[in-house]
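[1] Prediction below, plus the sequence it came from.
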Amino acid sequence: MTLRLRLGAYLLALHLLLFGAAAWLLIGRPVWFVAAEALLLGSLVLGFALLRRALEPLGYTRRFHDLLQDGHYANRLAAPGSRELEELVAMFNTMLAALHRERLAAGEQQGFLDRLLEATPGAVLVFDFDGAVSLVNASALALLGIERPQGHALPDWLAGIAPLARGLDARARERSLDLIAQLDALPLGDSRLLTDLEGRRYRAQRGRFYDRGFARHFLMVEELTAELEDSERATYAKLVRVLAHEVNNTVAATRSVLDSLLFYRSQLNESDAADFATAIEAVKRRNLSLGEFIDRFTRVVKMPAPELRPVRMKEMIDDILWLNREQCASRGITLRWRRCDEVPPVALDAQLMEGALLNIVKNAIEAVAARQAAGAEGGHVEVSLERDGDGLVLAVFDSADLLGEVPPRQLFTPFFSTKQGGQGIGLMFVREVLMRHGFAYSLASTGNGETRFAIRFSITARDL
């Protein structure tokens with residue numbers, strides 16, 4: 001029973017008792033009886049009127065509660081007719097106005113945050129109090145290859161509970177899970193440089209903020225591959241130019257001095273002259289080798305811009321296989337096509353691309369030969385050219401599988417080589433050619449006893 005009903009019942013019961021007591025006046029003093037009944041009736045009416053006015057704030061409180069419950073912060077309570085209620089209603093309306101302003105501000109901030117997250121090129125993941133993803137932007141979905149992430153924690157993907165994006169091949173799925181594992185292991189407040197299985201590098205940071213008094217975590221991931229490669233390329237180019245300048249000056253001066261020294265051969269004894277000439281020629285050969293060594297580095301730095309023309313990839317690969325067939329046959333290495341689809345011509349610089357592919361095939365052959373020198377028999381180098389959606393994938397496989405223990409980020413860094421005595425120039429040249437063309441590439445162990453160098457060529461409508 002509500003307070004209004006209880007108070008009303010009390011007033012009614014009290015006045016009924018008074019009406020009953022006034023009935024004693026009916027016999028002796030009827031006039032007094034009528035006056036008493038009228039007075040009591042007026043008292044009852046006045047009591048109910050005062051009760052209604054006294055409980056009127058409860059009605060405003062109930063309407064205020066309904067507005068809060070429904071979220072109608074833009075509405076206002078009507079002005080009361082009572083002076084006593086004006087202060088209460090004014091306070092309610094002030095609170096509604098403040099809540100309305102805060103809702104507008106929160107909505108505008110949330111809208112700005114949503115647009116900012118979608119516009120930022122970096123990946124952002126925000127977690128709830130239980131560590132599950134509550135907010136994620138499009139860059140994070142594309143980078144990690146995940147779908148429907150809300151409600152899932154990072155370990156859910158590692159355990160196979162949360163779904164990865166459809167259409168990921170085995171290699172992309174492995175790369176995604178490896179990057180998720182690295183992010184999950186990132187300590188709070190730490191910022192690290194991470195590398196995925198394809199050698200791409202990222203700066204990842206885990207932080208926290210407080211929501212309603214409790215801590216929530218967030219992750220920010222920014223890809224730095226292009227930026228770091230540009231910096232490495234600029235540093236490498238500057239270093240090579242300085243070295244080339246100093247070495248070429250020294251080589252030219254030394255060659256001139258050595259040629260001049262040969263004129264003194266006739267002044268020596270016959271036995272001494274032969275040794276003298278042999279020593280001079282040996283120094284000249286080493287001098288020439290030093291010049292050629294520097295030239296190989298400068299060719300990477302001074303590489304011209306690609307001149308794009310339609311090229312049939314099959315014909316180019318056939319030429320490369322033909323050039324290396326005798327060398328492979330003499331070593332017992334199988335050199336052949338693994339798969340060759342009918343593909344349209346690709347717009348590229350034929351000379352630069354042929355040089356890059358020659359390097360890739362040469363490295364594969366040398367890797368198999370190195371494996372043979374370690375006691376393995378046979379071996380193969382196979383080439384695959386196939387359609388893949390809206391592009392082409394050219395892959396070179398070798399059975400040496402020498403990259404199982406090599407970190408991917410080291411493969412294309414300056415001066416790094418897996419070959420004993422290697423200078424790391426070949427892969428640098430290949431990387432530079434592919435980057436200038438804008439072709440994606442990867443070099444890694446397949447996990448099946450092979451190494452795979454894959455290049456993805458895009459096909460435009462003009463190529464079809």
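    That came through fine.
[2] For the stretch 1-150 of the chain, which segments count as helices?
    Under the criterion DSSP state H, counting those that start in this stretch, helices of the stretch 1-150 of the chain are mapped to 3-22, 25-28, 30-54, 56-70, 83-119, 138-144.
[3] what about A21, distance to S266?
    159 Å (C-beta to C-beta, to the nearest Å). Backbone N, C-alpha and C define where each C-beta goes, glycine included.
[4] In terms of neighbours, single out the busier of the two.
    Taking other C-beta atoms under 10 Å, A21 and S266 do not tie; A21 has more neighbours (11 against 7).
[5] got the contact list for that one?
    By C-beta atoms under 8 Å, 6 or more residues apart in numbering, no residues touch A21.
[6] helices and strands around the helix or strand harbouring E246, which ones?
    Taking DSSP states H and E as the definition, E246 sits inside helix 225-261. Helix 225-261 is packed against strand 201-211, helix 270-301, helix 425-437, with contacts defined by 3 or more C-beta pairs under 8 Å, 6 or more residues apart in numbering; DSSP states H and E.
[7] Only the buried residues of stretch 165-177, if you could.
    168, 171, 174-177 (16 or more other C-beta atoms under 10 Å).
[8] tell me the two of the residues you listed that are most distant?
    Spanning the widest gap among the buried residues of stretch 165-177 are R171 and L177, at 11.1 Å by C-beta to C-beta.
[9] Pick the most deeply packed of the helices and strands packed on helix 225-261.
    helix 425-437 (a mean of 20; mean count of other C-beta atoms under 10 Å).
[10] Show me what that one is packed against.
    Taking 3+ C-beta pairs under 8 Å, 6+ apart as the contact cut, helix 425-437 packs with helix 225-261, helix 270-301, helix 350-373, strand 440-445.
[11] Nearest to P344, out of those?
    Comparing those under C-beta to C-beta, the one sitting nearest is helix 350-373, at 15.5 Å.
[12] Pull out the buried residues from stretch 368-378.
    So stretch 368-378, judged by 16+ other C-beta under 10 Å, has buried residues 368-372.
[13] Tell me how many other residues surround E118.
    Using other C-beta under 10 Å, the number of residues around E118 comes to 11.
[14] so it touches N137, yeah?
    Yes - between E118 and N137 there is a contact under C-beta atoms under 8 Å: 5.7 Å.
[15] Please name the nearest non-neighbouring residue to the residue most central in space within the chain.
    Centrality entry for the chain: nearest residue to the mean C-alpha point is L143, 3.8 Å, by C-alpha atoms, centre = their mean. In space, L143 comes closest to A123 once its chain neighbours are excluded; the distance is 4.6 Å by C-beta to C-beta, 6 or more residues apart in numbering.
[16] contacting residues around the one you found?
    Contacts for A123 were tallied using C-beta under 8 Å, 6+ apart; they are 137, 139-140, 142-144, 219-222.
[17] can I get the helices and strands packed on helix 225-261 in CSV with distance to S256 and mean pLDDT?
    Below are the helices and strands packed on helix 225-261 laid out as CSV (distance: least, C-beta to C-beta, whole Å; pLDDT from 0 to 100):
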stretch, distance to S256, mean pLDDT
strand 201-211, 46, 90
helix 270-301, 10, 75
helix 425-437, 28, 80
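[18] how about CSV for these, with distance to D318 added?
    What follows is the helices and strands packed on helix 225-261, written out as CSV (distance: least, C-beta to C-beta, whole Å):
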stretch, distance to D318
strand 201-211, 36
helix 270-301, 25
helix 425-437, 20
